[in-house]
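In: Okay, structure incoming, though there's no sequence with it:
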Ligand SMILES: NC(=O)c1ccc[n+]([C@@H]2O[C@H](COP(=O)([O-])OP(=O)(O)OC[C@H]3O[C@@H](n4cnc5c(N)ncnc54)[C@H](OP(=O)(O)O)[C@@H]3O)[C@@H](O)[C@H]2O)c1
């Protein structure tokens, strides 16, 4: 049977690349974003895949509730389905600020999007997560190595990895695999597009990376496709770093 995936933050960056990659694998993709990710859904359909757009703000518990209701109504109507086989908790915000500049609002927003969002969305989907489903939480290489001004962001990703491991244990009896993927610096809009557009930063990061450059969104997407594949069916509770070997 054709599998169904839900991806958060699928309108651009890693989420979009993952949606396109899963679409190419004949997965039916629900592409969600705060604005609905209609363009990406159309792109997948134009390429011969199946996709539906969905509005979902992971920082707002009410939006998670209404988003899940809309998701179920839509996949029932369009695909005669009532469960999701793949959940990619990709939506995230960066926060690069030294201690002196951090605010309570920064902290709360970062944790609301990067930690509470994936947790509450997985919880809301629980009755509609198929037995044997796969959940991928998008972490960061910054949960392993450290750099200045990343305390809150790195802590949020480390928290997400702790959640990943605990949920792997909780959901294991249903055959649900829960893993995290930890991208290294990747050329997207993230951090103001610095990894893509700032040549000096790219050079520094490239020198710190075994494979000698920053990553492309498609490379993270392909790693996520691998993580949800049957070939990795015995892998759960793991953290897969896809960073080209940054700061090893
Ligand atoms: N790029 C990197 O170097 C890198 C490295 C390690 C980890 N990551 C992680 O990879 C993930 C994707 O990042 P990216 O590189 O693709 O960055 P990006 O291009 O900045 O995209 C971030 C995505 O998250 C979405 N988002 C933010 N707040 C949201 C909310 N409240 N509800 C729903 N969606 C929300 C954005 O949607 P809007 O368009 O609505 O803002 C956007 O789709 C993030 O979790 C990030 O922490 C990225």
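Out: On my side now, so go ahead. Computed from a prediction, not measured in an experiment: that's the story for all the values here. Numbers count the residues shown, from 1 in each chain.

In: contacts and neighbour counts: CA atoms only from here.
Out: Will do.

In: For stretch 80-91, measure first residue to last.
Out: For stretch 80-91, the separation between the terminal residues is 27 Å (CA to CA, to the nearest Å).

In: in the strand or helix carrying residue 156, what's buried?
Out: Counting by DSSP states H and E, the element that carries residue 156 is helix 151-171. For helix 151-171, a neighbour-count test (16 or more other CA atoms under 10 Å) marks 151-161, 163-165, 167-168, 171 as buried.

In: try stretch 35-45
Out: Buried, per 16+ other CA under 10 Å, within stretch 35-45: 36, 37, 38, 40, 41, 42, 43, 44, 45.

In: Would the helix or strand where residue 45 lies count as contacting the ligand?
Out: Applying DSSP H and E as the criterion places residue 45 in helix 38-46. No. Contact of helix 38-46 with the ligand (CA under 6 Å from any ligand atom) is absent, the minimum separation being 10.9 Å.

In: got the contact list for that helix?
Out: For helix 38-46, the external contacting residues (CA atoms under 8 Å, 6 or more residues apart in numbering) are 10-11, 16, 19-20, 23-24, 29-31, 50-54.

In: Mean pLDDT per helix and strand in this protein: which one sits at the bottom?
Out: One helix or strand of the chain scores below all others by mean pLDDT, DSSP states H and E: helix 190-197, with a mean of 94.

In: now the angle between helix 190-197 and the next helix or strand after that helix, please.
Out: Later in the chain than helix 190-197, the nearest helix or strand by DSSP H and E is helix 199-207. Here the directions of helix 199-207 and helix 190-197 differ by 80 degrees (axes from the mean of the first three to the mean of the last three CA atoms, to 10 degrees).

In: if you average pLDDT over the helix holding residue 45, what comes out?
Out: Helix 38-46 shows an average pLDDT of 98 in the prediction.

In: interface residues of the protein facing the ligand?
Out: Taking CA under 6 Å from any ligand atom, the part of the chain that reaches the ligand is made up of 8-15, 33-34, 56-59, 90-94, 113, 138-140, 183-190.

In: what's the neighbour count on residue 72?
Out: Per other CA atoms under 10 Å, the neighbour tally for residue 72 reads 18.

In: What segments of this protein are helices?
Out: Ranges of helices within the chain are 13-24, 38-46, 61-79, 104-111, 117-125, 151-171, 190-197, 199-207, 217-227, based on DSSP state H.

In: Could you pull up the residues touching the closest residue to residue 106 other than its chain neighbours?
Out: Leaving aside its sequence neighbours, residue 106 sits nearest to residue 95 (CA to CA, 6 or more residues apart in numbering; 7.4 Å). Residues counted as contacts of residue 95 (CA under 8 Å, 6+ apart) are 106, 110, 150, 152, 153, 191.
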